[in-house]
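Q: Below are the sequence and a predicted model for it; my questions follow.
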Amino acid sequence: MENKMKIEIWSDVMCPFCYIGKRNFESALKQFTDKNHVEVEWKSFQLDPSIPEVANESYQDYLIKHKGMSAEQVAGMLDNVTQSAKKVGLEYNLDKAIMVNSLHAHKLIQFAKSKDLGDAAEERLFLAFFTEGKNIADLETLTQLGKEIGLEESEIQTAFIDDQYAYFVKQDIQEAQQVGVGGVPFFVLDRKFAVSGAQPAEAFLETLNKAFSEWRKLNPVTKLEVTQGQSCDTDGVCK
């Protein structure tokens, strides 16, 4: 298996800048010439673990009540976020957003990671929360979202029943504290460089190039001196 530079992304699926940051990072990754030599892992983070699983507040009401902001301030902030999202091709319908605890959603992400579908799970849950107004604490809804990204329905229940996935979520959050994550999104490259927040694609690309350059010095490409002889190639041609 090829040794790759690791990129870890701490994120909460209820964080509007995490979805925007994901798009900017993806844009940078498309321009990054060594993108095939990096491995991306999504890490769980909960901005507010105290939010109940049963919805009782809108996004706007939640911010007014828990963040001490006026209705006018909240309306202006949500409009600014919506416009920022639009600039990267995302449609935010924050008036439809259902404020619920994100723990079950993170359990699903952790399970999806075990099937190499972590990025697909993040993407689907972001869309569900910010655009479609789906309840991401509802197990039936999460099961349907899991099926849409290719997970088997019978296996999805494992994410909610097996305590190890809740443990993985808590482990990620504890690790975030050790790394120094003060907010999300937070991108860590090779445990040496970090990008905090939904930075422009150019900032991500600059850090990608810097981190990979350092990583490559310690992980050089192996070049073999080959003595040729009769052999069969990958197309099955023997000569």
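A: Great, that's in hand.
Q: Around Ile20, count how many other residues there are.
A: Using other Cβ atoms under 10 Å, Ile20 is surrounded by 25 other residues. Any C-beta I mention is one placed from the backbone N, CA and C, and that applies to glycine too.
Q: In the helix or strand containing Phe25, which residues are buried?
A: In the assignment (DSSP states H and E), Phe25 maps to helix 16-31. Buried residues in helix 16-31, counted by 16 or more other Cβ atoms under 10 Å: 16-25, 27-29.
Q: Skip ahead from that helix and say which helix or strand is next.
A: strand 38-44.
Q: elements contacting that next one?
A: Strand 38-44 sits against strand 5-11, helix 103-113, helix 118-126, helix 163-179, with contacts defined as 3 or more Cβ pairs under 8 Å, 6 or more residues apart in numbering; DSSP states H and E.
Q: residues making contact with the first one?
A: By that I understand strand 5-11. Outside strand 5-11, the residues that touch it by Cβ atoms under 8 Å, 6 or more residues apart in numbering are 18, 21-22, 25, 37-45, 122, 172, 176, 179, 181, 184-191, 211-212, 215, 219.
Q: Return the set of buried residues in it.
A: Result for strand 5-11 [16+ other Cβ under 10 Å]: buried residues Met5, Ile7, Glu8, Ile9, Trp10, Ser11.
Q: Kindly report the same for the third one.
A: Of the residues in helix 118-126, those with enough neighbours to count as buried (16+ other Cβ under 10 Å) are Gly118, Asp119, Ala120, Ala121, Glu122, Glu123, Arg124, Leu125, Phe126.
Q: Can I get the helix holding Phe25 in CSV, CA atoms only?
A: In CSV, the C-alpha atoms belonging to helix 16-31 read as follows (Å, rounded to 0.1, in the frame of the first residue of the first chain):
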residue,chain,number,x,y,z
PRO,A,16,-22.3,26.3,8.0
PHE,A,17,-18.6,27.2,7.5
CYS,A,18,-17.6,23.5,7.5
TYR,A,19,-19.6,22.9,4.3
ILE,A,20,-18.2,26.1,2.7
GLY,A,21,-14.7,25.1,3.8
LYS,A,22,-15.2,21.6,2.3
ARG,A,23,-16.0,23.2,-1.0
ASN,A,24,-12.9,25.5,-0.9
PHE,A,25,-10.7,22.6,0.1
GLU,A,26,-12.0,20.4,-2.7
SER,A,27,-11.4,23.2,-5.1
ALA,A,28,-7.8,23.5,-3.9
LEU,A,29,-7.3,19.7,-4.1
LYS,A,30,-8.4,19.7,-7.7
GLN,A,31,-5.5,22.1,-8.5
